[in-house]
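Colleague: sequence? don't have it. structure:
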């Protein structure tokens, strides 16, 4: 799956039947689906049971406290464990420091995004960046910033 659609928990709430049909259609097209901002909205565990999603995105509000805040670390670890038990991947949002990045590596978080790893870029810069890095397993290899 080379393409991912992010949905928020609140997008599934108004009409769960339509949400399930839409998610099923995306899966038939080999499009990955992630639940964005997990833990900040309704966070109903029934969504994880009843809807086919590939990733949970941990909201930046939890990542901001890592690695120094015990509760932020505990919540992050718990979400990661929950996702693993449900065969889902985890993406951490809002990674802004080397210490946050290293904490996420230590707990084996699948993916991370944030200013520590790269700033948002326009389409031309993105194309240039893809051309600069070799492709492995159909995914660009990104350089990790020095600590």
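Modeller: Here it is on my side, so go on. What you are looking at is a predicted structure, and each value in this text was computed from that prediction instead of being measured.

Colleague: going by C-alpha atoms from here, please, whenever you check contacts or count neighbours.
Modeller: Will do.

Colleague: list the contacts for residue 20?
Modeller: Contact analysis of residue 20 by C-alpha atoms under 8 Å, 6 or more residues apart in numbering lists 51-52.

Colleague: how about the helix or strand hosting it: buried residues?
Modeller: Following DSSP states H and E, one finds residue 20 within helix 16-28. Within helix 16-28, the residues that count as buried by 16 or more other C-alpha atoms under 10 Å are 19-20, 23-24, 26-27.

Colleague: for the helix or strand following it, what is the distance to the chain centroid?
Modeller: Once the chain leaves helix 16-28, the next helix or strand it forms, by DSSP H and E, is strand 32-38. Chain-centre distance of strand 32-38: 6 Å, with C-alpha atoms, centre = their mean, to the nearest Å.

Colleague: buried residues, the helix or strand just after strand 32-38. List them.
Modeller: Downstream of strand 32-38, the next assigned helix or strand under DSSP H and E is helix 45-50. Buried residues in helix 45-50, defined by neighbour count with 16+ other C-alpha under 10 Å: 47-48.

Colleague: beyond helix 45-50, next helix or strand please.
Modeller: Counting by DSSP H and E, what follows helix 45-50 is strand 55-58.

Colleague: for the record, mean pLDDT for that following strand?
Modeller: Averaged across strand 55-58, pLDDT comes to 94.

Colleague: quick one: secondary structure of the most centrally placed residue in the chain?
Modeller: Nearest to the mean C-alpha position of the chain, by C-alpha atoms, centre = their mean, lies residue 91 at 2.5 Å. Secondary structure, DSSP: H, G, I helix; E, B strand; the rest coil: residue 91 is strand.
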